[in-house]
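Participant: Everything below, folded, please.
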Amino acid sequence: MADGTASSSFPDDELYLPRTVVNKLIKEIVPNIRVSVDARDLLLNCCSEFIHLLASEASEISEKQQKKVISAEHVVEALKTLGFQEYIEDVKAVHREYKEQASKHRIKKRGKGKLEKLGIPEEELLRQQQQLFEEARQQQLENDILEQQRLQQQQTQADLTAASIIPHSSPQFAQPIIK
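Facilitator: Numbering: from 1, shown residues only. Okay, here's the model as predicted:
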């Protein structure tokens, strides 16, 4: 605290994970076992120290790569460097799951707001979309038919033009050439 007295056994609480988070983790992992206050404090200290060590190593890796932001890849590389390879697959799986959930949440939040602003039920929007698709198909079909007719007219006109250019039989061409 600001006056120099700490409300817990750690003088700088802000450098540690919140006790409630660690207590919740302990309760989830070992729900039927009582854990002493000293053990909880030790776990809190260990968790915070591990995070500090991992963050420091990831920071060094990002600096070596001349990056200003520590990325998930830097954290994974730090785990390798510190000898925690057995956790890498779990860390990657948790990271993928987090990204999927975050993406779904963003899409849901963004998309839901736009749909609500329209004031039209999703089913009606889907029906309208299907109707627009059908209209577009019909228009494309009509355009294809018109294009085919235009090409046929051009071909007919080209055939007529070619027929009018071909010389008609005349007497001078009718005599066979004799050698």
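Participant: Next one: residue 54, what pLDDT does it get?
Facilitator: pLDDT, residue 54: 96.
Participant: Quick check: buried residues in the host helix or strand of it?
Facilitator: Assigned by DSSP states H and E, residue 54 belongs to helix 37-64. Within helix 37-64, the residues scored as buried using 16 or more other Cβ atoms under 10 Å are 41, 43, 44, 48, 54, 57, 58, 61, 62. Using the backbone N, CA and C atoms, a C-beta is placed for each residue, glycine as well.
Participant: quick one: low-confidence ranges for this protein?
Facilitator: Along the chain, segments meeting pLDDT under 70 span 1-14, 108-117, 166-179.
Participant: most residues in a single helix of this structure, which one?
Facilitator: helix 122-165 (DSSP state H).
Participant: packing partners for that one?
Facilitator: Under the contact criterion of 3 or more Cβ pairs under 8 Å, 6 or more residues apart in numbering; DSSP states H and E, helix 122-165 touches helix 88-118.
Participant: Roughly how far does the residue positioned nearest the centre of the chain sit from residue 91?
Facilitator: Against the mean C-alpha coordinate of the chain, by Cα atoms, centre = their mean, the closest residue is residue 103 at 6.7 Å. To residue 91, residue 103 is 19 Å away according to Cβ to Cβ, to the nearest Å.
Participant: ditto for residue 161
Facilitator: For residue 161, the distance to residue 91 equals 76 Å [Cβ to Cβ].
Participant: about what we covered before: give the other helices and strands that the helix holding residue 54 contacts.
Facilitator: Where contact means 3+ Cβ pairs under 8 Å, 6+ apart, helix 37-64 is packed against helix 19-29, helix 72-81.
Participant: any idea which of those helices is most buried?
Facilitator: Comparing these by mean neighbour count (mean count of other Cβ atoms under 10 Å), helix 72-81 comes out on top with a mean of 18.
Participant: Render the CA-only coordinates of it in PDB, please.
Facilitator: Presented in PDB, the C-alpha positions along helix 72-81 are these (Å, rounded to 0.1, in the frame of the first residue of the first chain):
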ATOM      1  CA  ALA A  72       3.000 -15.700 -28.700                       C
ATOM      2  CA  GLU A  73       5.800 -17.200 -30.800                       C
ATOM      3  CA  HIS A  74       8.300 -15.400 -28.500                       C
ATOM      4  CA  VAL A  75       6.700 -17.000 -25.500                       C
ATOM      5  CA  VAL A  76       6.800 -20.400 -27.100                       C
ATOM      6  CA  GLU A  77      10.500 -19.900 -27.900                       C
ATOM      7  CA  ALA A  78      11.100 -18.800 -24.300                       C
ATOM      8  CA  LEU A  79       9.500 -22.000 -23.100                       C
ATOM      9  CA  LYS A  80      11.900 -24.000 -25.300                       C
ATOM     10  CA  THR A  81      14.900 -22.000 -24.100                       C
END
